[in-house]
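Enquirer: Got a predicted structure plus its sequence, pasted below:
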Amino acid sequence: MPELMQFLLSGITVGAVYALVALGFTIIYNASDVVNFAQGEFVMLGGMITVFAYQAGLPLPLAALIAIAATAAAGVAFNKLAIETARGAPVVSLIIITIGASIFIQGVAQVVFDKQLHRLPAFSGDEPLHVFGATILPQSLWVMGGALIVFVGLWVFFTRTLTGRAVLATSNNRLAAQLVGINTNFVMTLSFGLSAAIGALAGVLVTPITLTSYQIGISLALKGFAAAMLGGMGNPKGALVGGIALGLLEALTAGYLSSQYKDAVAFVVILAVLFAMPQGLFGRKAMERV
Amino acid sequence: MSLLVVEGLGIKFGGLHAVKDVGFTLKSGEIVSIIGPNGAGKTTLFNMISGIYLPLAGRVMLNGEDVTGMSPNRLAERGLSRTFQNLQIFQSMTVLENVMAGFHLQARGPVLSDMLGLPGSRRRSREAEAGARLLLERVGLERAAEREAGALSYGALKRLEIARALALRPKVLLLDEPAAGCNAVETEEIDHLIAAVAAEGVSILLVEHDMKMVMRISNHIVVLDYGEKIAEGDPATVSRDKRVIAAYLGAQATEAANADG
(Lines give C-alpha, C1' and ligand atoms only; values in the text may rest on other atoms or scores of the structure.)
Protein backbone atom coordinates (compact mmCIF):
# COMPACT_ATOMS: atom_id res chain seq x y z
CA MET A 1 0.00 0.00 0.00
CA PRO A 2 2.70 2.58 0.84
CA GLU A 3 4.34 1.43 -2.37
CA LEU A 4 1.28 2.32 -4.44
CA MET A 5 1.02 5.66 -2.63
CA GLN A 6 4.63 6.35 -3.51
CA PHE A 7 4.01 5.62 -7.18
CA LEU A 8 0.89 7.78 -7.20
CA LEU A 9 2.70 10.74 -5.67
CA SER A 10 5.62 10.59 -8.07
CA GLY A 11 3.18 10.02 -10.94
CA ILE A 12 1.23 13.14 -10.08
CA THR A 13 4.41 15.18 -9.75
CA VAL A 14 5.75 14.24 -13.15
CA GLY A 15 2.19 14.36 -14.52
CA ALA A 16 1.88 17.98 -13.42
CA VAL A 17 4.92 18.82 -15.54
CA TYR A 18 3.47 16.95 -18.53
CA ALA A 19 0.21 18.79 -17.98
CA LEU A 20 2.00 22.14 -18.16
CA VAL A 21 3.79 21.13 -21.35
CA ALA A 22 0.50 19.84 -22.81
CA LEU A 23 -1.14 23.14 -21.87
CA GLY A 24 1.54 24.96 -23.86
CA PHE A 25 0.71 22.76 -26.87
CA THR A 26 -2.98 23.44 -26.36
CA ILE A 27 -2.71 27.22 -26.26
CA ILE A 28 -0.69 27.48 -29.45
CA TYR A 29 -2.78 24.82 -31.18
CA ASN A 30 -5.94 26.75 -30.36
CA ALA A 31 -4.61 30.03 -31.67
CA SER A 32 -3.04 28.70 -34.84
CA ASP A 33 -3.82 24.99 -35.44
CA VAL A 34 -0.08 24.43 -35.14
CA VAL A 35 1.39 21.67 -32.98
CA ASN A 36 4.47 23.40 -31.63
CA PHE A 37 7.20 20.79 -31.23
CA ALA A 38 9.52 23.46 -29.83
CA GLN A 39 7.38 23.47 -26.68
CA GLY A 40 9.89 21.25 -24.85
CA GLU A 41 12.67 23.73 -25.59
CA PHE A 42 10.76 26.38 -23.62
CA VAL A 43 10.93 24.06 -20.61
CA MET A 44 14.63 23.57 -21.19
CA LEU A 45 15.24 27.32 -21.54
CA GLY A 46 13.34 28.02 -18.33
CA GLY A 47 15.53 25.60 -16.37
CA MET A 48 18.84 26.45 -18.03
CA ILE A 49 18.50 30.24 -17.85
CA THR A 50 17.55 29.98 -14.18
CA VAL A 51 20.57 27.80 -13.49
CA PHE A 52 22.99 30.17 -15.15
CA ALA A 53 21.45 33.32 -13.68
CA TYR A 54 21.55 31.67 -10.26
CA GLN A 55 25.18 30.62 -10.72
CA ALA A 56 25.96 34.22 -11.71
CA GLY A 57 24.92 35.20 -8.22
CA LEU A 58 21.31 36.30 -8.58
CA PRO A 59 18.83 35.22 -5.94
CA LEU A 60 16.78 32.20 -7.05
CA PRO A 61 13.35 33.94 -7.37
CA LEU A 62 14.86 36.71 -9.48
CA ALA A 63 16.73 34.20 -11.64
CA ALA A 64 13.48 32.29 -12.18
CA LEU A 65 11.60 35.47 -13.13
CA ILE A 66 14.29 36.44 -15.60
CA ALA A 67 14.21 32.96 -17.10
CA ILE A 68 10.44 33.03 -17.55
CA ALA A 69 10.47 36.52 -19.05
CA ALA A 70 13.37 35.69 -21.38
CA THR A 71 11.69 32.47 -22.53
CA ALA A 72 8.41 34.31 -23.14
CA ALA A 73 10.38 36.79 -25.26
CA ALA A 74 11.91 33.87 -27.14
CA GLY A 75 8.41 32.51 -27.78
CA VAL A 76 7.25 35.87 -29.12
CA ALA A 77 10.34 36.16 -31.31
CA PHE A 78 9.80 32.62 -32.60
CA ASN A 79 6.27 33.55 -33.66
CA LYS A 80 7.28 36.86 -35.22
CA LEU A 81 10.33 35.56 -37.07
CA ALA A 82 9.35 32.04 -38.07
CA ILE A 83 5.59 31.53 -37.89
CA GLU A 84 4.12 34.90 -38.84
CA THR A 85 6.44 35.28 -41.81
CA ALA A 86 5.20 31.93 -43.14
CA ARG A 87 1.58 32.92 -42.83
CA GLY A 88 -0.59 31.30 -45.44
CA ALA A 89 1.62 28.21 -45.54
CA PRO A 90 -0.15 24.91 -44.84
CA VAL A 91 -0.27 23.87 -41.19
CA VAL A 92 2.03 20.91 -41.91
CA SER A 93 4.74 23.31 -43.09
CA LEU A 94 4.34 25.35 -39.92
CA ILE A 95 4.69 22.21 -37.81
CA ILE A 96 7.90 21.34 -39.63
CA ILE A 97 9.10 24.89 -38.92
CA THR A 98 8.54 24.25 -35.20
CA ILE A 99 10.67 21.10 -35.41
CA GLY A 100 13.39 23.17 -37.05
CA ALA A 101 13.07 25.81 -34.34
CA SER A 102 13.38 23.09 -31.71
CA ILE A 103 16.68 21.88 -33.20
CA PHE A 104 17.87 25.48 -33.56
CA ILE A 105 17.09 26.41 -29.94
CA GLN A 106 18.86 23.26 -28.74
CA GLY A 107 21.93 24.13 -30.80
CA VAL A 108 22.02 27.68 -29.48
CA ALA A 109 21.59 26.45 -25.90
CA GLN A 110 24.45 24.03 -26.37
CA VAL A 111 26.71 26.86 -27.50
CA VAL A 112 25.56 29.58 -25.10
CA PHE A 113 25.34 27.32 -22.05
CA ASP A 114 27.08 23.93 -22.13
CA LYS A 115 26.42 20.20 -22.44
CA GLN A 116 26.51 19.42 -18.73
CA LEU A 117 23.68 18.35 -16.48
CA HIS A 118 22.68 21.11 -14.09
CA ARG A 119 20.66 21.26 -10.97
CA LEU A 120 19.05 23.90 -8.81
CA PRO A 121 18.61 23.78 -5.06
CA ALA A 122 15.10 22.79 -3.97
CA PHE A 123 12.99 25.83 -3.09
CA SER A 124 12.15 24.69 0.44
CA GLY A 125 14.81 22.18 1.38
CA ASP A 126 15.32 18.49 0.69
CA GLU A 127 13.74 17.12 3.85
CA PRO A 128 11.12 14.59 2.62
CA LEU A 129 7.60 14.78 3.98
CA HIS A 130 5.73 11.64 5.01
CA VAL A 131 2.24 11.08 3.62
CA PHE A 132 0.36 7.81 4.26
CA GLY A 133 3.59 5.91 4.59
CA ALA A 134 5.04 7.36 1.41
CA THR A 135 7.54 10.15 1.15
CA ILE A 136 7.29 13.26 -0.96
CA LEU A 137 9.83 16.00 -1.60
CA PRO A 138 8.76 19.54 -0.80
CA GLN A 139 9.76 20.39 -4.36
CA SER A 140 7.03 18.05 -5.63
CA LEU A 141 4.51 20.19 -3.80
CA TRP A 142 5.95 23.23 -5.56
CA VAL A 143 5.45 21.50 -8.91
CA MET A 144 1.88 20.47 -8.15
CA GLY A 145 1.02 23.84 -6.65
CA GLY A 146 2.57 25.70 -9.57
CA ALA A 147 0.61 23.65 -12.08
CA LEU A 148 -2.61 24.17 -10.14
CA ILE A 149 -2.12 27.94 -10.01
CA VAL A 150 -1.36 28.11 -13.73
CA PHE A 151 -4.46 26.09 -14.63
CA VAL A 152 -6.80 28.06 -12.40
CA GLY A 153 -5.29 31.35 -13.54
CA LEU A 154 -5.68 30.46 -17.20
CA TRP A 155 -9.19 29.21 -16.69
CA VAL A 156 -10.12 32.59 -15.20
CA PHE A 157 -8.28 34.38 -17.99
CA PHE A 158 -10.02 32.45 -20.77
CA THR A 159 -13.52 32.48 -19.34
CA ARG A 160 -13.69 35.80 -17.51
CA THR A 161 -11.66 38.29 -19.47
CA LEU A 162 -12.24 39.85 -22.83
CA THR A 163 -8.72 39.17 -24.04
CA GLY A 164 -9.06 35.54 -23.01
CA ARG A 165 -12.34 35.26 -24.83
CA ALA A 166 -10.75 36.89 -27.87
CA VAL A 167 -8.22 34.04 -27.84
CA LEU A 168 -11.02 31.48 -27.64
CA ALA A 169 -12.93 33.27 -30.39
CA THR A 170 -9.85 33.17 -32.61
CA SER A 171 -9.46 29.46 -32.06
CA ASN A 172 -13.13 28.93 -32.80
CA ASN A 173 -13.28 30.89 -36.04
CA ARG A 174 -10.35 32.99 -37.13
CA LEU A 175 -12.17 34.95 -39.83
CA ALA A 176 -15.15 35.70 -37.61
CA ALA A 177 -12.72 36.88 -34.94
CA GLN A 178 -11.17 39.33 -37.39
CA LEU A 179 -14.62 40.51 -38.38
CA VAL A 180 -15.44 41.60 -34.85
CA GLY A 181 -12.17 43.48 -34.71
CA ILE A 182 -9.99 40.96 -32.90
CA ASN A 183 -6.38 41.39 -33.91
CA THR A 184 -5.60 37.74 -34.60
CA ASN A 185 -1.90 38.45 -35.05
CA PHE A 186 -1.79 39.80 -31.54
CA VAL A 187 -3.63 36.73 -30.30
CA MET A 188 -0.96 34.55 -31.92
CA THR A 189 1.83 36.57 -30.33
CA LEU A 190 0.14 36.42 -26.96
CA SER A 191 -0.36 32.67 -27.28
CA PHE A 192 3.28 31.98 -28.09
CA GLY A 193 4.44 34.24 -25.26
CA LEU A 194 2.06 32.62 -22.82
CA SER A 195 2.96 29.08 -23.89
CA ALA A 196 6.65 29.82 -23.61
CA ALA A 197 6.22 31.36 -20.16
CA ILE A 198 4.24 28.35 -18.94
CA GLY A 199 6.86 25.98 -20.35
CA ALA A 200 9.62 27.98 -18.67
CA LEU A 201 7.81 27.89 -15.34
CA ALA A 202 7.53 24.11 -15.62
CA GLY A 203 11.28 24.00 -16.29
CA VAL A 204 12.06 26.14 -13.25
CA LEU A 205 9.87 24.05 -10.94
CA VAL A 206 11.07 20.65 -12.07
CA THR A 207 14.81 21.27 -12.40
CA PRO A 208 15.57 20.68 -8.67
CA ILE A 209 14.04 17.19 -9.06
CA THR A 210 15.00 16.00 -12.54
CA LEU A 211 18.02 18.19 -13.36
CA THR A 212 18.28 19.87 -16.73
CA SER A 213 20.50 20.00 -19.75
CA TYR A 214 20.28 21.41 -23.26
CA GLN A 215 18.64 18.26 -24.60
CA ILE A 216 15.78 17.56 -22.20
CA GLY A 217 13.34 19.39 -24.48
CA ILE A 218 12.66 16.63 -27.01
CA SER A 219 11.51 14.00 -24.57
CA LEU A 220 9.38 16.53 -22.68
CA ALA A 221 7.80 17.69 -25.92
CA LEU A 222 6.93 14.10 -26.84
CA LYS A 223 5.48 13.37 -23.41
CA GLY A 224 3.55 16.62 -23.40
CA PHE A 225 2.30 15.89 -26.91
CA ALA A 226 1.14 12.43 -25.82
CA ALA A 227 -0.64 14.01 -22.84
CA ALA A 228 -2.31 16.61 -25.05
CA MET A 229 -3.42 13.90 -27.51
CA LEU A 230 -4.77 11.77 -24.71
CA GLY A 231 -6.76 14.65 -23.25
CA GLY A 232 -7.89 15.92 -26.63
CA MET A 233 -5.74 18.43 -28.50
CA GLY A 234 -7.00 21.95 -27.99
CA ASN A 235 -8.71 21.42 -24.65
CA PRO A 236 -7.02 22.84 -21.50
CA LYS A 237 -8.99 20.47 -19.28
CA GLY A 238 -7.79 17.63 -21.48
CA ALA A 239 -4.20 18.83 -21.06
CA LEU A 240 -4.54 18.64 -17.29
CA VAL A 241 -6.21 15.23 -17.20
CA GLY A 242 -4.01 13.85 -19.98
CA GLY A 243 -0.83 15.05 -18.25
CA ILE A 244 -1.69 13.60 -14.86
CA ALA A 245 -2.92 10.35 -16.43
CA LEU A 246 0.29 9.94 -18.42
CA GLY A 247 2.40 10.69 -15.34
CA LEU A 248 0.52 8.08 -13.33
CA LEU A 249 0.76 5.50 -16.10
CA GLU A 250 4.50 6.07 -16.30
CA ALA A 251 5.01 5.84 -12.56
CA LEU A 252 2.92 2.67 -12.25
CA THR A 253 4.67 1.07 -15.22
CA ALA A 254 8.05 1.92 -13.78
CA GLY A 255 6.98 0.64 -10.36
CA TYR A 256 5.20 -2.59 -11.21
CA LEU A 257 6.73 -3.58 -14.55
CA SER A 258 10.14 -2.15 -15.13
CA SER A 259 11.53 1.34 -15.17
CA GLN A 260 13.00 0.49 -18.57
CA TYR A 261 9.53 0.57 -20.07
CA LYS A 262 8.73 3.94 -18.52
CA ASP A 263 9.47 6.00 -21.63
CA ALA A 264 7.57 3.59 -23.86
CA VAL A 265 4.33 4.44 -22.09
CA ALA A 266 3.98 7.79 -23.84
CA PHE A 267 4.31 6.17 -27.26
CA VAL A 268 1.88 3.41 -26.43
CA VAL A 269 -0.55 6.11 -25.33
CA ILE A 270 -0.10 8.07 -28.59
CA LEU A 271 -0.73 4.93 -30.66
CA ALA A 272 -3.69 3.82 -28.56
CA VAL A 273 -5.31 7.25 -28.78
CA LEU A 274 -4.79 7.47 -32.53
CA PHE A 275 -6.27 4.02 -33.06
CA ALA A 276 -9.14 4.09 -30.62
CA MET A 277 -10.24 7.70 -30.18
CA PRO A 278 -8.34 10.24 -32.28
CA GLN A 279 -10.25 13.11 -30.68
CA GLY A 280 -8.94 12.22 -27.20
CA LEU A 281 -10.85 12.24 -23.93
CA PHE A 282 -12.27 15.76 -24.14
CA GLY A 283 -11.73 16.61 -27.80
CA ARG A 284 -14.56 17.46 -30.11
CA LYS A 285 -15.39 15.36 -33.08
CA ALA A 286 -14.60 17.49 -36.06
CA MET A 287 -17.70 17.94 -38.13
CA GLU A 288 -18.36 20.47 -40.82
CA ARG A 289 -21.86 21.49 -41.74
CA VAL A 290 -22.20 21.34 -45.48
CA MET B 1 -20.59 63.17 -48.16
CA SER B 2 -19.89 59.67 -49.40
CA LEU B 3 -18.99 57.26 -46.62
CA LEU B 4 -17.71 54.49 -48.83
CA VAL B 5 -16.18 55.10 -52.24
CA VAL B 6 -15.18 52.16 -54.41
CA GLU B 7 -13.09 53.03 -57.47
CA GLY B 8 -12.00 50.82 -60.35
CA LEU B 9 -11.84 47.69 -58.21
CA GLY B 10 -10.61 44.56 -59.97
CA ILE B 11 -9.19 41.12 -59.26
CA LYS B 12 -8.14 38.13 -61.35
CA PHE B 13 -8.41 34.47 -60.49
CA GLY B 14 -6.19 32.32 -62.69
CA GLY B 15 -6.08 34.85 -65.50
CA LEU B 16 -9.83 35.40 -65.45
CA HIS B 17 -11.19 38.79 -64.44
CA ALA B 18 -13.55 37.88 -61.60
CA VAL B 19 -14.25 41.57 -61.06
CA LYS B 20 -13.14 44.34 -63.39
CA ASP B 21 -13.18 48.08 -62.92
CA VAL B 22 -16.17 48.30 -60.60
CA GLY B 23 -16.93 51.56 -58.82
CA PHE B 24 -19.78 53.10 -56.85
CA THR B 25 -20.40 55.22 -53.78
CA LEU B 26 -22.40 54.76 -50.63
CA LYS B 27 -23.76 57.70 -48.63
CA SER B 28 -24.66 57.79 -44.96
CA GLY B 29 -27.89 55.91 -44.23
CA GLU B 30 -28.23 54.73 -47.81
CA ILE B 31 -29.04 51.18 -48.90
CA VAL B 32 -27.17 50.13 -52.01
CA SER B 33 -27.72 46.68 -53.49
CA ILE B 34 -25.35 44.73 -55.70
CA ILE B 35 -27.23 42.38 -57.99
CA GLY B 36 -26.34 40.11 -60.86
CA PRO B 37 -26.55 36.49 -61.97
CA ASN B 38 -24.73 33.76 -60.07
CA GLY B 39 -20.99 34.08 -60.59
CA ALA B 40 -21.24 37.75 -61.54
CA GLY B 41 -18.66 38.63 -58.88
CA LYS B 42 -20.87 40.03 -56.12
CA THR B 43 -19.31 38.12 -53.26
CA THR B 44 -15.83 38.63 -54.70
CA LEU B 45 -16.52 42.37 -54.71
CA PHE B 46 -17.62 42.12 -51.07
CA ASN B 47 -14.48 40.19 -50.20
CA MET B 48 -12.29 42.91 -51.68
CA ILE B 49 -14.13 45.73 -49.92
CA SER B 50 -14.00 43.93 -46.56
CA GLY B 51 -10.31 43.05 -46.70
CA ILE B 52 -10.60 39.31 -47.32
CA TYR B 53 -9.06 39.55 -50.80
CA LEU B 54 -6.40 42.00 -51.85
CA PRO B 55 -7.62 43.73 -55.03
CA LEU B 56 -5.39 43.75 -58.07
CA ALA B 57 -6.54 47.21 -59.10
CA GLY B 58 -8.54 50.11 -57.75
CA ARG B 59 -9.10 51.38 -54.25
CA VAL B 60 -11.61 51.51 -51.42
CA MET B 61 -12.06 54.76 -49.48
CA LEU B 62 -13.82 54.67 -46.13
CA ASN B 63 -14.65 58.04 -44.61
CA GLY B 64 -12.00 59.67 -46.78
CA GLU B 65 -9.28 57.20 -45.82
CA ASP B 66 -7.75 54.71 -48.24
CA VAL B 67 -8.48 51.31 -46.69
CA THR B 68 -7.69 49.12 -49.71
CA GLY B 69 -6.52 45.68 -48.62
CA MET B 70 -6.67 46.53 -44.93
CA SER B 71 -7.25 43.48 -42.71
CA PRO B 72 -10.82 42.84 -41.52
CA ASN B 73 -9.99 43.61 -37.88
CA ARG B 74 -8.60 47.04 -38.79
CA LEU B 75 -11.64 47.71 -40.98
CA ALA B 76 -13.83 46.77 -38.01
CA GLU B 77 -12.03 49.43 -35.96
CA ARG B 78 -12.89 51.94 -38.68
CA GLY B 79 -16.58 51.06 -38.69
CA LEU B 80 -16.95 48.52 -41.49
CA SER B 81 -18.64 45.27 -40.63
CA ARG B 82 -20.08 42.42 -42.70
CA THR B 83 -21.94 39.14 -42.76
CA PHE B 84 -21.24 36.13 -44.95
CA GLN B 85 -23.37 34.20 -47.37
CA ASN B 86 -21.98 30.96 -45.96
CA LEU B 87 -21.89 32.19 -42.34
CA GLN B 88 -18.88 32.82 -40.12
CA ILE B 89 -20.18 31.98 -36.67
CA PHE B 90 -18.37 30.91 -33.51
CA GLN B 91 -20.01 27.49 -33.68
CA SER B 92 -19.08 26.16 -30.27
CA MET B 93 -19.95 29.33 -28.35
CA THR B 94 -23.41 30.23 -27.18
CA VAL B 95 -25.59 32.62 -29.13
CA LEU B 96 -25.06 35.29 -26.47
CA GLU B 97 -21.27 34.86 -26.52
CA ASN B 98 -21.29 35.24 -30.29
CA VAL B 99 -22.91 38.65 -30.04
CA MET B 100 -20.76 39.61 -27.05
CA ALA B 101 -17.73 38.96 -29.21
CA GLY B 102 -19.03 41.77 -31.40
CA PHE B 103 -18.50 44.14 -28.48
CA HIS B 104 -14.82 43.26 -28.43
CA LEU B 105 -13.64 46.66 -29.66
CA GLN B 106 -15.88 48.73 -27.39
CA ALA B 107 -15.30 46.59 -24.35
CA ARG B 108 -11.61 46.00 -24.66
CA GLY B 109 -9.32 47.51 -22.10
CA PRO B 110 -5.65 47.14 -21.34
CA VAL B 111 -4.60 43.47 -21.55
CA LEU B 112 -2.94 43.70 -18.15
CA SER B 113 -6.12 44.96 -16.50
CA ASP B 114 -7.84 42.01 -18.12
CA MET B 115 -5.32 39.47 -16.86
CA LEU B 116 -5.62 40.78 -13.34
CA GLY B 117 -9.41 40.87 -13.55
CA LEU B 118 -9.60 44.51 -12.46
CA PRO B 119 -13.08 45.98 -11.80
CA GLY B 120 -12.98 48.05 -15.00
CA SER B 121 -12.67 44.87 -17.06
CA ARG B 122 -15.57 43.25 -15.29
CA ARG B 123 -17.78 46.30 -15.76
CA ARG B 124 -17.00 46.41 -19.48
CA SER B 125 -17.85 42.75 -19.68
CA ARG B 126 -21.25 43.31 -18.03
CA GLU B 127 -22.04 46.18 -20.38
CA ALA B 128 -21.22 43.98 -23.36
CA GLU B 129 -23.61 41.33 -22.10
CA ALA B 130 -26.47 43.80 -21.61
CA GLY B 131 -25.88 45.25 -25.07
CA ALA B 132 -25.75 41.79 -26.61
CA ARG B 133 -29.09 40.81 -25.07
CA LEU B 134 -30.72 43.93 -26.51
CA LEU B 135 -29.43 43.08 -29.97
CA LEU B 136 -30.66 39.49 -29.68
CA GLU B 137 -34.10 40.87 -28.89
CA ARG B 138 -33.87 43.05 -31.95
CA VAL B 139 -33.28 40.08 -34.25
CA GLY B 140 -35.74 37.90 -32.36
CA LEU B 141 -33.23 35.45 -30.89
CA GLU B 142 -33.46 36.45 -27.21
CA ARG B 143 -34.89 33.06 -26.25
CA ALA B 144 -31.98 31.20 -27.85
CA ALA B 145 -29.36 33.26 -25.96
CA GLU B 146 -27.92 30.39 -23.96
CA ARG B 147 -28.01 27.79 -26.72
CA GLU B 148 -24.91 26.67 -28.56
CA ALA B 149 -24.78 28.57 -31.84
CA GLY B 150 -24.00 25.45 -33.87
CA ALA B 151 -27.42 24.05 -32.99
CA LEU B 152 -29.37 26.91 -34.59
CA SER B 153 -31.14 26.76 -37.94
CA TYR B 154 -29.62 28.46 -40.97
CA GLY B 155 -32.13 31.29 -40.90
CA ALA B 156 -31.51 31.92 -37.21
CA LEU B 157 -27.75 31.92 -37.77
CA LYS B 158 -28.21 34.55 -40.47
CA ARG B 159 -29.94 36.78 -37.94
CA LEU B 160 -27.31 35.99 -35.32
CA GLU B 161 -24.60 37.11 -37.70
CA ILE B 162 -26.46 40.37 -38.31
CA ALA B 163 -26.79 40.94 -34.55
CA ARG B 164 -23.07 40.35 -34.11
CA ALA B 165 -22.26 42.75 -36.95
CA LEU B 166 -24.54 45.39 -35.38
CA ALA B 167 -22.75 44.96 -32.05
CA LEU B 168 -19.76 46.67 -33.65
CA ARG B 169 -21.92 49.79 -34.17
CA PRO B 170 -20.76 49.95 -37.78
CA LYS B 171 -20.98 52.97 -40.04
CA VAL B 172 -21.00 50.68 -43.07
CA LEU B 173 -22.61 47.26 -42.99
CA LEU B 174 -22.12 44.72 -45.78
CA LEU B 175 -24.82 42.05 -45.86
CA ASP B 176 -24.24 39.05 -48.11
CA GLU B 177 -27.61 37.42 -48.83
CA PRO B 178 -29.15 38.07 -45.41
CA ALA B 179 -32.47 36.55 -46.46
CA ALA B 180 -31.12 33.38 -48.09
CA GLY B 181 -32.61 30.32 -46.45
CA CYS B 182 -35.27 32.35 -44.65
CA ASN B 183 -39.00 31.85 -45.10
CA ALA B 184 -41.30 34.65 -46.21
CA VAL B 185 -42.03 35.86 -42.68
CA GLU B 186 -38.38 35.87 -41.69
CA THR B 187 -37.47 37.64 -44.92
CA GLU B 188 -39.93 40.39 -44.13
CA GLU B 189 -38.50 40.69 -40.62
CA ILE B 190 -35.00 41.06 -42.02
CA ASP B 191 -36.34 43.55 -44.51
CA HIS B 192 -37.73 45.71 -41.66
CA LEU B 193 -34.56 45.27 -39.65
CA ILE B 194 -32.37 46.49 -42.52
CA ALA B 195 -34.61 49.50 -43.11
CA ALA B 196 -34.57 50.36 -39.40
CA VAL B 197 -30.77 50.08 -39.21
CA ALA B 198 -30.39 52.30 -42.26
CA ALA B 199 -32.79 54.82 -40.73
CA GLU B 200 -30.34 55.12 -37.83
CA GLY B 201 -27.74 56.36 -40.31
CA VAL B 202 -25.86 53.14 -41.02
CA SER B 203 -24.98 52.73 -44.68
CA ILE B 204 -25.85 49.31 -46.02
CA LEU B 205 -24.36 47.43 -48.92
CA LEU B 206 -26.51 44.47 -49.80
CA VAL B 207 -26.15 41.37 -51.95
CA GLU B 208 -29.48 39.62 -52.20
CA HIS B 209 -31.27 37.31 -54.58
CA ASP B 210 -34.76 38.11 -53.36
CA MET B 211 -35.61 40.70 -56.03
CA LYS B 212 -38.78 41.88 -54.34
CA MET B 213 -36.79 42.73 -51.25
CA VAL B 214 -34.05 44.44 -53.25
CA MET B 215 -36.52 46.55 -55.21
CA ARG B 216 -38.41 47.47 -52.07
CA ILE B 217 -35.62 48.62 -49.81
CA SER B 218 -32.75 49.79 -52.03
CA ASN B 219 -32.04 53.45 -52.69
CA HIS B 220 -29.59 52.55 -55.38
CA ILE B 221 -28.74 49.39 -57.30
CA VAL B 222 -25.48 48.34 -58.95
CA VAL B 223 -25.77 45.54 -61.52
CA LEU B 224 -22.84 43.23 -62.23
CA ASP B 225 -22.48 40.72 -65.02
CA TYR B 226 -19.31 38.71 -65.69
CA GLY B 227 -17.50 40.88 -63.14
CA GLU B 228 -18.31 44.18 -64.80
CA LYS B 229 -20.78 46.87 -63.89
CA ILE B 230 -23.43 46.94 -66.60
CA ALA B 231 -25.85 49.39 -65.01
CA GLU B 232 -26.68 51.37 -61.90
CA GLY B 233 -29.43 53.63 -60.68
CA ASP B 234 -32.58 53.62 -58.60
CA PRO B 235 -34.72 50.45 -58.61
CA ALA B 236 -37.15 51.71 -61.22
CA THR B 237 -34.40 52.74 -63.64
CA VAL B 238 -32.45 49.55 -63.21
CA SER B 239 -35.44 47.30 -63.64
CA ARG B 240 -36.22 49.00 -66.96
CA ASP B 241 -32.65 48.82 -68.24
CA LYS B 242 -32.52 46.58 -71.31
CA ARG B 243 -29.04 45.25 -70.63
CA VAL B 244 -30.03 44.31 -67.10
CA ILE B 245 -33.13 42.51 -68.25
CA ALA B 246 -31.16 40.71 -70.89
CA ALA B 247 -28.41 39.75 -68.49
CA TYR B 248 -30.39 38.55 -65.61
CA LEU B 249 -33.62 39.95 -64.39
CA GLY B 250 -35.95 38.81 -67.10
CA ALA B 251 -39.52 38.28 -66.05
CA GLN B 252 -38.79 38.96 -62.38
CA ALA B 253 -37.89 42.57 -63.10
CA THR B 254 -41.05 43.42 -64.92
CA GLU B 255 -42.98 41.73 -62.18
CA ALA B 256 -41.17 43.70 -59.48
CA ALA B 257 -41.49 46.96 -61.37
CA ASN B 258 -45.20 46.37 -61.77
CA ALA B 259 -45.52 45.52 -58.10
CA ASP B 260 -43.77 48.78 -57.33
CA GLY B 261 -46.36 50.67 -59.00
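Expert: Cool, got the structure.

Enquirer: Name the secondary structure element that contains the residue nearest to B:Gly36 when sequence neighbours are not counted.
Expert: Nearest non-adjacent residue to B:Gly36, counting by CB to CB, 6 or more residues apart in numbering or on different chains: B:Leu224, 3.7 Å away. Backbone N, C-alpha and C define where each C-beta goes, glycine included. Take DSSP states H and E as the rule and B:Leu224 turns out to sit in strand B:220-225.

Enquirer: dump the residue contacts of A:Ala227.
Expert: Each residue near A:Ala227 by CB atoms under 8 Å, 6 or more residues apart in numbering or on different chains is listed here: A:Gly15, A:Tyr18, A:Ala19, A:Val21, A:Ala22, A:Ala239, A:Gly242, A:Gly243, A:Ala245, A:Leu246, A:Ala266.

Enquirer: Actually, A:Ala166.
Expert: Taking CB under 8 Å, 6+ apart as the test, what A:Ala166 contacts is A:Ala177, A:Ile182, A:Val187, B:Ala101, B:His104, B:Arg108.

Enquirer: how about these in CSV, adding distance to B:Arg74?
Expert: Formatted as CSV, the contacts of A:Ala166 follow (distance: CB to CB, whole Å):
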residue, distance to B:Arg74
A:Ala177, 13
A:Ile182, 11
A:Val187, 14
B:Ala101, 17
B:His104, 13
B:Arg108, 14
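
Enquirer: So which of those residues wins on neighbours?
Expert: The most crowded member of the contacts of A:Ala166, judged by other CB atoms under 10 Å in any protein chain shown, is B:Ala101 (29 neighbours).

Enquirer: what about the residue in chain A that chain B sits nearest to, is that helix, strand or coil?
Expert: Minimum separation of chain A from chain B (CB to the nearest CB) falls at A:Gly181, amounting to 3.5 Å. Under DSSP: H, G, I helix; E, B strand; the rest coil, the three-state class of A:Gly181 is coil.

Enquirer: ok, and the closest non-adjacent residue to it?
Expert: The nearest residue in space to A:Gly181 (CB to CB, 6+ apart) is B:Ala76, at 3.5 Å.

Enquirer: can you check A:Phe7 too?
Expert: That would be A:Gly255: by CB to CB, 6+ apart, it lies 4.2 Å from A:Phe7.

Enquirer: quick one, what contacts the one you found?
Expert: Contacts for A:Gly255 (CB under 8 Å, 6+ apart) come out as A:Glu3, A:Gln6, A:Phe7.

Enquirer: Let me see the ranges of the strands in the stretch 51-200 of chain B.
Expert: B:57-62, B:65-66, B:80-82, B:172-176 (DSSP state E, counting those that start in this stretch).

Enquirer: Now do whichever strand or helix holds B:Asn47 and strand B:172-176, the angle between them.
Expert: B:Asn47 is part of helix B:42-49 when elements are defined by DSSP H and E. Relative orientation of helix B:42-49 versus strand B:172-176 (axes from the mean of the first three to the mean of the last three CA atoms, to 10 degrees): 150 degrees.

Enquirer: So what touches stretch B:194-212?
Expert: B:3-4, B:26-35, B:42-43, B:46, B:49, B:85, B:166, B:170-180, B:187, B:214, B:217-218, B:249, B:252-253, B:256, B:259.

Enquirer: that older thread, please pick the buried ones from the contacts of A:Gly255.
Expert: Among the contacts of A:Gly255, those classed as buried by 16 or more other CB atoms under 10 Å in any protein chain shown are A:Gln6, A:Phe7.

Enquirer: any chance of the contacts of A:Gly255 in CSV, plus secondary structure, pLDDT and distance to A:Leu141?
Expert: CSV is the format used below for these (DSSP: H, G, I helix; E, B strand; the rest coil; pLDDT from 0 to 100; distance: CB to CB, whole Å):
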residue, secondary structure, pLDDT, distance to A:Leu141
A:Glu3, helix, 86, 21
A:Gln6, helix, 91, 15
A:Phe7, helix, 92, 17
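
Enquirer: Restricted to strands, list the contacts of A:Ala227.
Expert: In strands, judged by DSSP state E, none of the contacts of A:Ala227 are found.

Enquirer: so which of those are also by chain B?
Expert: Among these, no residue is within reach of chain B (CB under 8 Å from any CB of the partner chain).

Enquirer: can you list the residues of the stretch 51-200 of chain B near chain A?
Expert: Residues of the stretch 51-200 of chain B lying close to chain A by CB under 8 Å from any CB are B:52, B:71-73, B:76-77, B:81-82, B:88-93, B:97, B:100-102, B:104-105, B:107-109, B:111, B:114-115, B:117, B:121-122, B:124-125, B:128, B:150, B:164-165, B:167-168.

Enquirer: buried subset of these?
Expert: Buried among those by 16+ other CB under 10 Å: B:52, B:71-73, B:76, B:81-82, B:88-91, B:93, B:97, B:100-102, B:104-105, B:107-109, B:111, B:114-115, B:121, B:124-125, B:128, B:164-165, B:167-168.

Enquirer: Which of the contacts of A:Ala227 fall within helices?
Expert: Mapping the contacts of A:Ala227 onto helices (DSSP state H) picks out A:Gly15, A:Tyr18, A:Ala19, A:Val21, A:Ala22, A:Ala239, A:Gly242, A:Gly243, A:Ala245, A:Leu246, A:Ala266.
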